[in-house]
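A.B. asks: sequence-free structure coming up:
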């Protein structure tokens with residue numbers, strides 16, 4: 001590896017320095033896992049599939065790159081999110097109601113550093129209970145983690161021709177639910 005730091009590496013360093021305690025813990029766990037796997041030589045199968053052998057330094061760099069991209073993606077998805085107290089104020093409900101709605105899967109929130117974050121795009125004055133019409137049914141149909149639900153809902157979907165959120169906003173609830181039922185199918 002070269003001793004000079006490229007702009008990309010400098011950007012990675014800035015991101016690493018900005019990690020919150022939860023992210024930092026995940027980062028350190030992943031690095032420890034790579035080192036442990038390398039010492040146990042658990043990479044023979046991967047190396048044979050790829051037709052290439054990676055050194056421990058190369059594996060650490062790949063893991064670091066992957067983690068940096070994951071943290072950046074997570075921050076992007078949660079950028080326009082609000083806290084449960086802000087949700088309660090906007091919807092004029094008790095402070096407990098947003099938590100209850102997340103538990104009932106009628107509203108989406110992702111835990112971020114010990115705090116529930118509610119993406120703003122889900123709120124609509126036209127939908128029942130203040131969210132986009134059909135969102136609760138879609139959330140219940142999705143068989144994945146809350147973060148994966150968030151990612152799926154805002155990603156382009158070739159079957160729908162839009163992101164699932166855009167499709168819901170266009171009244172395509174049944175098509176979105178049909179597609180949501182296939183997400184996570186067969187996962188253990």
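C.D. replies: Noted; the coordinates are in hand. Just so it is clear, the structure is predicted and the values come from calculations on it, not from any experiment.

A.B. asks: could you point out which element follows the helix or strand of the chain with the lowest mean pLDDT?
C.D. replies: Ranking every helix and strand in the chain by mean pLDDT, DSSP states H and E puts helix 44-50 at the bottom, with a mean of 64. Heading C-terminal from helix 44-50, the first helix or strand you meet, by DSSP states H and E, is helix 56-78.

A.B. asks: and the chain, what are its domains?
C.D. replies: What automatic domain parsing lists as the domains of the chain is 7-78, 81-180.

A.B. asks: number of nearby residues for residue 83?
C.D. replies: Using other CB atoms under 10 Å, the number of residues around residue 83 comes to 16. (Each C-beta comes from the backbone N, C-alpha and C, glycine too.)

A.B. asks: what's near enough to touch it?
C.D. replies: With contact set as CB atoms under 8 Å, 6 or more residues apart in numbering, residue 83 has these partners: 115, 116, 117, 118.

A.B. asks: tell me the most buried of the domains of the chain?
C.D. replies: For the domains of the chain, average neighbour numbers computed from mean count of other CB atoms under 10 Å are highest in domain 81-180, which has a mean of 17.

A.B. asks: can you tell me which of the domains of the chain has the worst average pLDDT?
C.D. replies: Within the domains of the chain, confidence is poorest for domain 7-78, with a mean of 74 (mean pLDDT).

A.B. asks: show me where the protein has strands.
C.D. replies: 81-82, 110-112, 115-119 (DSSP state E).

A.B. asks: what strands flank the last one, and is each parallel or antiparallel?
C.D. replies: Read it as strand 115-119. The pairing partners recorded for strand 115-119 under DSSP bridges are strand 81-82 (antiparallel), strand 110-112 (antiparallel).

A.B. asks: closest to residue 147 out of the ones you listed?
C.D. replies: Closest approach to residue 147 among the strands paired with strand 115-119 is made by strand 110-112 (5.2 Å; CB to CB).

A.B. asks: hmm, who's touching the closest one?
C.D. replies: For strand 110-112, the surrounding residues in contact (CB under 8 Å, 6+ apart) are 22, 74, 77, 78, 81, 116, 117, 119, 146, 147, 150.

A.B. asks: contacting residues around the second one?
C.D. replies: Under the criterion of CB under 8 Å, 6+ apart, the contact list for residue 74 reads 112, 147.

A.B. asks: residue 107 versus residue 141, what's the distance?
C.D. replies: Going from residue 141 to residue 107 by CB to CB, to the nearest Å gives 15 Å.

A.B. asks: how near is the residue nearest the centre of the chain to residue 153?
C.D. replies: For the chain, the residue nearest the mean C-alpha position is residue 147 (3.7 Å; CA atoms, centre = their mean). Noted for residue 147: a distance of 11 Å to residue 153, by CB to CB.

A.B. asks: repeat for residue 112
C.D. replies: For residue 112, the distance to residue 153 (CB to CB) stands at 16 Å.

A.B. asks: and residue 179, by the same measure?
C.D. replies: Residue 179 sits 11 Å away from residue 153, going by CB to CB.
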